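# fold the stuff below for me.
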Amino acid sequence: MPEKFSEDEKKILLDHFSNADSPIFAIITSKQVDRGALMSRYSRTDKSMRRVFLDEFLSNKNRGEEFYNRVLLEYGDDSVAELGGAQIAIEGLSNLAVKKIEDRRIGLSYLEKSSRYVAWDKKVNGSYKFYKEPTIMESKYADMYLESCNLDFDVYSKNIEPMINYVREKFPIEKYTFKDSSGNEKPFSKLKTDDEIKSANTIYKGSTKAKALDVLRSLLPASTLTNVGITGNGRAFEYLLTILFSSSLKEEQTLAKQIKNELDSTIKSFVRRSDDKYGKELQEYFKEIQKLASSLAKKYAQRDRVNGTLVRLVDYEHEKDAINKIVSAALYEQSPGTPYYKILDTVKKINSSEKSKIISSFASIRKNRRHRPPRAFEMSEYTFDLVTNFGMFRDFHRHRVLTIERQLLTTDHGFAIPREITTLGIEKDFKDCMYKAKEVFDSIRKKLPEQAQYVVNFAYNYPYFIHLNLREACHLIELRTVPQGHIDYRTVAQSMYKEINKVHPTLSKIFKFVDLKKYDLERFESEKRTEEKRKKLDKK
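As a prediction, the model looks like this:
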């Protein structure tokens, strides 16, 4: 039963809560710090939250601030920092820095400027939008750095229209069907009304432009400036800030100060420790970890280069063992009182064909890729060694329910040339950009190996490994093989599926929505669905 409040109390409460008489309510009080403090205080009292507010917060305007100062600074209860949330927009940061930010997997969500919908050909005050790294700009490498990045953007910009025209010539609108006003699929030539023709052109132009920009993004250097929006809780932001403060790159150090300044205006109490004694100790710890790993790598790791794309499954368990664990985990919830080890012993005695049927039965229930396999499928894990172009890595990097470790961005592993670049006749210009970037990179990295990364193009191959469980592999591979996906990551995701299918043919049955086909205009069907939704909204 909800607590009863007086009429006067209700009037006060309605300024801070969505209602004063239901057991379910939203906290709408304006101060973020009070919202979080109320949630935390609520867990340590017999009072209702609204009563806590009336008794403890109403008369003390600094109650929330005081609460967090005591809990976070005196007691170090990190979990309460998750009760404060914020949204931060960062504009004009490099693709190198945005990846460092997006390395933080837990507690933060990101929306980044798309390289397939937005062109990077615009200039600001006569300059292309790429990061002028301060240490480089103050060194003897400044001119060659600017020359390389400007060349990339010149070739990219002058070929946007030719590439769009080429794509439209290769994949003419007459080749495709569109829905008419009755909802029937018809060739473009059979459409009659102005609205039908306009709708078809919107779909076609959107998908062909996306295709052209997909191809040309390979030219962009890691210094390319982008925008990112971040939503997260105080604890995650605090950790992010500590990582950025400990960076050896000036851009990331500057971003840490700027982000901290903005968070201080919204959730100051939740991120206070990021640059105090506690934060500085953590920063030193991160630096020591890097230093130790670097010295060990020099001592033990073999130096090697992979020239070209690599997709290799390097670690997995025998399928029989994986099936036993997955089936046992699937039975566990519905086996009250029985410990996991006893279920596992029982499952091991079931014959293989019966266990295969169990896996098939779970697969048969899935009707679309959003029907994720049950949590039991997290019991089997895989490690993939990958070398893909940096542009493609950026798409895989967005998956956070996995472990991803990566190396410094270099020009050591060759680059990928999209076939459309060759067909359009601009392969020489493309290679000129790549060779210039390599020349400049090799010069800069002798003194500044981390700063040299800014000049490396999206086309250059990049080594990293991914460790993930079967459930997440199912999500990643099915998502990244959808028809509208970029051809680079579709190809890699398809290869990952084939690798898993080779070693775990029975478990692979859970992958029901992997698309192994090739498509001309990857975004075409997606653009059609978007246009249908737009038309329905217009009717409303």
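# residue ranges for the helices of the stretch 301-450 of the chain, please.
Per DSSP state H, counting those that start in this stretch, the stretch 301-450 of the chain carries helices over the ranges 319-332, 340-348, 352-365, 390-396, 419-424, 427-445.
# ok, residue 15 to residue 27 distance?
Going from residue 15 to residue 27 by CB to CB, to the nearest Å gives 12 Å. Just so you know, the C-beta spots here come from the backbone N, C-alpha and C atoms, and that holds for glycine as well.
# I misspoke; the intended subject was residue 143.
Taking CB to CB as the measure, residue 143 falls 56 Å from residue 27.
# so the two - more neighbours on which side?
residue 27 (16 against 10; other CB atoms under 10 Å).
# so what's that one up against?
Taking CB atoms under 8 Å, 6 or more residues apart in numbering, we find residue 27 in contact with 16, 17, 35, 38, 39, 49.
# now, of the residues you listed, which are buried?
Buried by 16 or more other CB atoms under 10 Å: 16, 17, 35, 38, 49, out of the contacts of residue 27.
# so which of the contacts of residue 27 comes closest to residue 501?
residue 39 (45.9 Å; CB to CB).
# number of residues surrounding the spatially closest residue to the closest one that is not a sequence neighbour?
Excluding the flanking residues, the one nearest residue 39 by CB to CB, 6 or more residues apart in numbering is residue 83, at 4.6 Å. For residue 83, the neighbour count with other CB under 10 Å is 22.
# could you do the one 3 residues further on as well?
Look at residue 86: counted by other CB under 10 Å, it has 20 neighbours.
# please name the strands paired to the host helix or strand of it in the sheet, noting orientation.
Assigned by DSSP states H and E, residue 86 falls within strand 85-94. The strands that strand 85-94 pairs with in its sheet are strand 225-233 (antiparallel) (by DSSP bridges).
# so which bits of the partner strand are buried?
225, 226, 228, 230, 232, 233.
# then it to PDB, C-alphas only?
Output in PDB follows, covering the C-alpha atoms of strand 225-233 (Å, rounded to 0.1, in the frame of the first residue of the first chain):
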ATOM      1  CA  LEU A 225      37.000  14.700 -37.000                       C
ATOM      2  CA  THR A 226      33.700  13.200 -36.000                       C
ATOM      3  CA  ASN A 227      31.000  13.800 -33.400                       C
ATOM      4  CA  VAL A 228      29.800  11.400 -30.700                       C
ATOM      5  CA  GLY A 229      27.000  11.500 -28.100                       C
ATOM      6  CA  ILE A 230      27.500   9.700 -24.900                       C
ATOM      7  CA  THR A 231      24.800   8.600 -22.400                       C
ATOM      8  CA  GLY A 232      26.000   7.100 -19.100                       C
ATOM      9  CA  ASN A 233      26.200   6.900 -15.400                       C
END
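# tell me the one of the buried residues of strand 225-233 nearest residue 533?
Among the buried residues of strand 225-233, and counting by CB to CB, the member closest to residue 533 is residue 228, at 25.6 Å.
# pretty sure the closest one contacts residue 98?
Yes: under the criterion of CB atoms under 8 Å, residue 228 makes contact with residue 98 at 5.2 Å.
# give me the common contacts of the two.
90, 112.
# hmm, back to that, with distance to residue 458 added, can I get the buried ones among the contacts of residue 27 in TSV?
Compiled in TSV, the buried ones among the contacts of residue 27 are given as follows (distance: CB to CB, whole Å):
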residue	distance to residue 458
16	49
17	49
35	41
38	46
49	49
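# in strands, which of those residues appear?
Judged by DSSP state E, those include no members of strands.
# point out the ones among the residues you listed that are inside helices.
35, 38, 49 (DSSP state H).
# can you list the residues you listed in a markdown table and add distance to residue 486 and pLDDT?
Shown next, in a markdown table, are those (distance: CB to CB, whole Å; pLDDT from 0 to 100):
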| residue | distance to residue 486 | pLDDT |
| --- | --- | --- |
| 35 | 40 | 84 |
| 38 | 45 | 85 |
| 49 | 47 | 91 |
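# so which of these is the closest to residue 106?
Closest to residue 106, out of all of these and judged by CB to CB, is residue 35, at 20.9 Å.
# list the contacts for that closest one?
Applying CB under 8 Å, 6+ apart, the residues near residue 35 are 27, 29, 64, 83, 84.
# any idea how far the last one lies from residue 91?
Which is residue 84. Residue 84 is 23 Å from residue 91, by CB to CB.
# likewise for residue 312?
Counting by CB to CB - residue 312 and residue 91 are separated by 38 Å.
# equivalent analysis for residue 60, please.
Distance from residue 60 to residue 91, by CB to CB: 38 Å.
# just residue 259 next, same as before
In terms of CB to CB, residue 259 sits 12 Å off from residue 91.
# neighbour count winner among residue 84 and residue 91?
More crowded of residue 84 and residue 91, by other CB under 10 Å: residue 84, with 29 against 10.
# the more buried one touches residue 264, doesn't it?
No: look at residue 84 against residue 264 with CB under 8 Å: they stay out of range, at 12.0 Å.
# got the contact list for the residue nearest the centre of the chain?
Taking CA atoms, centre = their mean, the centroid of the chain lies closest to residue 398, which sits 1.8 Å from it. Residues in contact with residue 398, defined by CB under 8 Å, 6+ apart, are 102, 110.
# quick check, pLDDT for it.
pLDDT, residue 398: 84.
# can I get the contacts of residue 35 in TSV with pLDDT, distance to residue 376 and secondary structure?
Below are these laid out as TSV (pLDDT from 0 to 100; distance: CB to CB, whole Å; DSSP: H, G, I helix; E, B strand; the rest coil):
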residue	pLDDT	distance to residue 376	secondary structure
27	91	36	strand
29	90	42	coil
64	75	42	helix
83	74	32	helix
84	77	35	coil
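# among the residues you listed, which one sits closest to residue 443?
Nearest to residue 443 among those, with distances taken as CB to CB, is residue 84, at 45.8 Å.
# roughly how far does that closest one sit from residue 65?
From residue 84 to residue 65 the distance is 11 Å (CB to CB).
# list the buried residues in the lowest-mean-pLDDT helix or strand in the chain.
Lowest on mean pLDDT, DSSP states H and E among the helices and strands of the chain sits helix 63-68, with a mean of 75. Going by neighbour count (16+ other CB under 10 Å), the buried part of helix 63-68 is 63, 64, 65, 67, 68.
# looking at these, which is nearest residue 202?
Out of those, the member with the shortest distance to residue 202 (by CB to CB) is residue 64, at 49.1 Å.
# you'd agree the closest one is up against residue 30?
No: counting by CB under 8 Å, residue 64 does not reach residue 30; the two are 11.1 Å apart.
# look at the closest residue to residue 246 other than its chain neighbours and say how many residues are nearby.
Using CB to CB, 6+ apart and skipping the chain neighbours, the partner closest in space to residue 246 is residue 283 (3.9 Å). Applying other CB under 10 Å, we find 20 residues neighbouring residue 283.
# check which helices and strands the helix or strand hosting residue 283 sits against.
Element membership for residue 283, per DSSP H and E: helix 277-300. Secondary-structure packing of helix 277-300 (3 or more CB pairs under 8 Å, 6 or more residues apart in numbering; DSSP states H and E): helix 234-245.
# can you pull the alpha-carbon coordinates of the helix it packs on into CSV?
Extracted in CSV, the C-alpha atoms of helix 234-245 (Å, rounded to 0.1, in the frame of the first residue of the first chain):
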residue,chain,number,x,y,z
GLY,A,234,28.6,8.7,-13.1
ARG,A,235,30.7,5.7,-12.3
ALA,A,236,31.3,4.9,-15.9
PHE,A,237,32.1,8.5,-16.7
GLU,A,238,34.5,8.7,-13.8
TYR,A,239,36.4,5.6,-15.1
LEU,A,240,36.4,7.1,-18.7
LEU,A,241,37.9,10.3,-17.4
THR,A,242,40.6,8.5,-15.5
ILE,A,243,41.6,6.6,-18.7
LEU,A,244,41.7,9.8,-20.7
PHE,A,245,43.7,11.7,-18.1
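# buried residues in the helix or strand just after that helix?
Counting by DSSP H and E, the next helix or strand C-terminal to helix 234-245 is helix 250-271. For helix 250-271, the neighbour count (16+ other CB under 10 Å) marks 251-252, 255-256, 259-260, 263, 266-271 as buried.
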